[in-house]
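Visitor: please find the sequence and the predicted model below.
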Amino acid sequence: MNLIKSTGTFSFFTIISRLLGYMRDILIAVFLGAGPLADAFFVAFRIPNTFRRLFSEGTFNAAFVPSYSSINNKKKSENFANNIFSLLILGLLSLVFLIEIFMPIFVFLIAPGFEGDNSKMELAITLTRITFPFLLFVSLASFLSAILNSHNKFAAASAAPIILNIFLILVLIFGKMLEDQLVYYLSYAVTISGITQFIFLYFFVKKNYKPQFKFSFKIDGKIKLFFKKLLPSIFSSGVTQINILVGTIIASFQASAVSYLYYADRIYQINLAIAGIAIGTVILPQLSKHVQNKKKEKIHLIQNKALELSLFLSIPAAIALLIASEEIISSLFGYGSFDQESVKKSAQALFYFGLGLPAFSLIKIFSTFFFARHETKIPFYISLISVLLNIFISIIFFKEIGFLIIPIATTISSWFNAISLFIILKNKKLFNFNLIFINRFIRILIVSFVMGISFNYLINFFSDKFIYEEALKSVYLISLVIFGFTFYILLAILIKAFKISDIRLKY
């Protein structure tokens, strides 16, 4: 496996998906802004989309890939996969059926702050009923993605989420014509995209495996172990998404806060998808095999390179968010119904999320080191404490600080999570820094600092180009980001924080 090449493939399609997601969110901001309709839709969209992230962004892989990869016999691996597939269908159908029946209670638990506004609550219930079946199909699509990832095939799996954004953009194109009915059509598009993703991935996965549903299946030791690991792995690997969901629940008590957090969340998720999710997903199959074969040198090399690459991508991104959070939000979403107040509030949330960006990525990387060893309990317990810490901080300070306590609490709890995972890895001697990493890390800090100074100068120099009324502000932002990234890469190569020869290395 070539780590950078595989990560590059995964990241390429992820970036395409995120760019389309950005176009989608611009259109949503234009037509819905940050008002009651937007809040209701974002709650309806957040619930299945959070489950999508929990299942598809490396978390399902964490339980499935090590077990599937450890089976050397093809027939046994197919039986194992078919049993998992069958149990998933039965479990997910039951879950979707129950939630659909008790949707009013479910939405109240997710957005209790809507209770005082009957029309907003009713709309959220209706929209969530429409979007919730998406969970069934996207979870099964994630199962197919895990099969592909187990065979070191990452392109189709990382491309599948693009389908959701294409469907939503197609609906939003007719946004002016649809008016208040837009949120309903968007909700139907969410579910239809889930079905399409499953069909799309089926055509790619059938070369290696043809999923078969069985009413009679044998629950052996490996099946029990998989499901024993599944919930902890989903919770621990998806802790950032769980924290955001918790934040959505608390934010529902403040008008438009759900929307502010949604737009801020969309920005930092772009980097998290590459610096955390992509790298964690790519290294898991190979790392699991090396752990099984007890190849300590390979394990050591992959872990250090994964950590190095994650920090190489997340540190400069965090600096950019801290420097230009308001310019970024204004340039990307400051149009139409998304007014200056919305820009300011979302930018404040983005700033505090930016402080936690490296931690969000490190959680993904460090958790993968545990998952490759079939260890899910430790990340689970730490994540549980992290979520409780997040809830405690958010509830205690919500009245005084308002919705901004949510990104602050998320950042604090995430750093606690990442540092705790690192300490345990070191204490259990599951990870050690090599000299290459230490040398590169110092250089990464230097080049990130220089990039930050340059980027800050350019943002201030072109400050008049980022005012709310400026029509071409997004063009200026994209130009500065491209320049900043190019400058960062060239400087990194110059001072050897990154070497072109790394692209050819195999692990």
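Guide: Arrived safely.

Visitor: give the other helices and strands that the longest helix along the chain contacts.
Guide: Secondary structure of the chain read by DSSP state H shows that its longest helix is helix 296-333. Packed against helix 296-333, as judged by 3 or more Cβ pairs under 8 Å, 6 or more residues apart in numbering; DSSP states H and E, are the following elements: helix 3-32, helix 257-272, helix 279-292, helix 340-371, helix 435-461, helix 473-494. In this view, the C-beta of every residue, glycine as well, is placed from N, C-alpha and C.

Visitor: out of these, which is closest to G116?
Guide: When those are compared by Cβ to Cβ, helix 257-272 sits nearest G116, at 14.4 Å.

Visitor: angle of the closest one against helix 3-32?
Guide: 160 degrees (axes from the mean of the first three to the mean of the last three Cα atoms, to 10 degrees).

Visitor: of the helices and strands packed on helix 296-333, which is nearest P66?
Guide: Closest to P66 of the helices and strands packed on helix 296-333 is helix 279-292 (Cβ to Cβ; 4.2 Å).

Visitor: show me what that closest one is packed against.
Guide: On a contact count with 3+ Cβ pairs under 8 Å, 6+ apart, helix 279-292 meets helix 3-32, helix 59-69, helix 134-150, helix 296-333, helix 340-371.

Visitor: in a markdown table: those, plus mean pLDDT, distance to F397 and mean neighbour count.
Guide: Output for the helices and strands packed on helix 279-292, formatted as a markdown table (pLDDT from 0 to 100; distance: least, Cβ to Cβ, whole Å; neighbours: other Cβ atoms under 10 Å):
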| stretch | mean pLDDT | distance to F397 | mean neighbour count |
| --- | --- | --- | --- |
| helix 3-32 | 76 | 28 | 20 |
| helix 59-69 | 72 | 29 | 25 |
| helix 134-150 | 86 | 32 | 25 |
| helix 296-333 | 89 | 21 | 22 |
| helix 340-371 | 89 | 13 | 24 |
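
Visitor: how about those in CSV, adding distance to I446?
Guide: Compiled in CSV, the helices and strands packed on helix 279-292 are given as follows (distance: least, Cβ to Cβ, whole Å):
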stretch, distance to I446
helix 3-32, 21
helix 59-69, 34
helix 134-150, 35
helix 296-333, 11
helix 340-371, 16
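
Visitor: rewinding a little: run the chain-centre distance for the longest helix of the chain.
Guide: Helix 296-333 sits 14 Å away from the centroid of its parent chain (Cα atoms, centre = their mean, to the nearest Å).

Visitor: now the angle from it to helix 3-32?
Guide: 20 degrees.

Visitor: and the angle from helix 296-333 to helix 435-461?
Guide: Counting by the same axes, to 10 degrees, helix 296-333 lies at 10 degrees to helix 435-461.

Visitor: for K428, which of the helices and strands packed on helix 279-292 is the nearest?
Guide: Taking those one by one with Cβ to Cβ, helix 340-371 is closest: 9.4 Å.

Visitor: Y263: which of the helices and strands packed on helix 279-292 is closest?
Guide: Using Cβ to Cβ, those put helix 340-371 closest to Y263, at 4.4 Å.

Visitor: now the next helix or strand after that closest one: average pLDDT?
Guide: For helix 340-371, the following helix or strand on the C-terminal side (DSSP states H and E) is helix 377-401. In this model, helix 377-401 has a mean pLDDT of 88.

Visitor: which neighbouring elements make contact with helix 377-401?
Guide: If contacts are counted by 3+ Cβ pairs under 8 Å, 6+ apart, helix 377-401 sits against helix 221-237, helix 239-251, helix 340-371, helix 405-427.

Visitor: between helix 239-251 and the longest one, find me the angle.
Guide: Helix 340-371 runs at 140 degrees relative to helix 239-251, counting by the same axes, to 10 degrees.

Visitor: any idea which of the helices and strands packed on helix 377-401 gets closest to E100?
Guide: Of these, nearest to E100 by Cβ to Cβ is helix 239-251, at 19.2 Å.

Visitor: so which of the helices and strands packed on helix 279-292 is nearest S86?
Guide: Here helix 134-150 is closest among the helices and strands packed on helix 279-292 (Cβ to Cβ), at 10.8 Å.

Visitor: how far out from the middle of the chain is the next helix or strand along the chain from the closest one?
Guide: The helix or strand immediately downstream of helix 134-150 is helix 155-159, counting by DSSP H and E. Here helix 155-159 is found 15 Å from its chain centre; the criterion is Cα atoms, centre = their mean.

Visitor: and if you look at stretch 393-408?
Guide: Worked out by Cα atoms, centre = their mean, stretch 393-408 lies 23 Å from the chain centre.

Visitor: could you tell me the end-to-end distance of it?
Guide: End-to-end distance of stretch 393-408 (Cα to Cα, to the nearest Å): 9 Å.

Visitor: please identify the buried residues of that stretch?
Guide: Neighbour counts over stretch 393-408 (16 or more other Cβ atoms under 10 Å) mark I393, S394, F398, F403, L404, I405, I406, P407, I408 as buried.

Visitor: apart from its chain neighbours, what residue comes closest to the fourth one?
Guide: Think F403. Spatial nearest neighbour of F403, chain neighbours left out: A257 (3.7 Å); criterion: Cβ to Cβ, 6 or more residues apart in numbering.
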